[in-house]
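Engineer: pasting a predicted model and its sequence here:
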Amino acid sequence: MNPHPYLRAYLAGVFVTTLVLPLILTAFIVIRLVLQVPIPIERGLIFPMALVPLGWGLWNMLWLASHQRTHLAVGVHGAVFPFVLVPSGTLVAHSLGVLTLGTTSVTWFSACSVPYAFIAVGFCFAVAAYYLVWKYIVGFLNRTLGIA
């Protein structure tokens, strides 16, 4: 019997985002439709919702493939993921016209401006959150599925 470790690694990686993204979508629907916030959130929401689970699954498969050589802990491997996601997401959002890079701030949807200092602090929190989620949730799933 072939145990298909990469398929199990993909499914373990996709698990977290499959549970969290519907909650985020619900929050965005409430913000946009109920609270009547005039920012076109849906333009920048659908594309990431399709790619984020794929990215998490592939990132976990990459961890499984490289773990024998690097011996990198799954939490550290997950904490590196924002360093890949943020630049690639910024590039895609900028090329689609959703994001405008200024000298002191970033403007989303030509309506919401956020200073780079807030983005830097948010990025630090994201790295810490990714570390914890990958260490405790994805690591648990990897152990449960017998690939860690």
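Structural biologist: Here it is on my side, so go on. Numbers count the residues shown, from 1 in each chain.

Engineer: now do the contacts for residue 62.
Structural biologist: For residue 62, the contacting residues are residue 77, by C-beta atoms under 8 Å, 6 or more residues apart in numbering. For the C-beta atoms, the positions are set from N, CA and C on the backbone; glycine is no exception.

Engineer: that one: which element?
Structural biologist: According to DSSP states H and E, residue 62 maps onto helix 46-70.

Engineer: for the residue positioned nearest the centre of the chain, which non-adjacent residue is closest in space?
Structural biologist: A centroid search over the chain (C-alpha atoms, centre = their mean) returns residue 52, at 5.4 Å, as the residue closest to the centre. Nearest residue to residue 52 in three dimensions, chain neighbours excluded: residue 17, at 5.2 Å (C-beta to C-beta, 6 or more residues apart in numbering).

Engineer: and that neighbour, what does it touch?
Structural biologist: By C-beta under 8 Å, 6+ apart, the neighbours of residue 17 are 52-53, 56.

Engineer: any buried residues in the one helix or strand it maps to, and which?
Structural biologist: Per DSSP H and E: residue 17 is located in helix 5-29. For helix 5-29, the buried set under the neighbour-count rule, 16 or more other C-beta atoms under 10 Å, comprises 6, 8-17, 21, 28.
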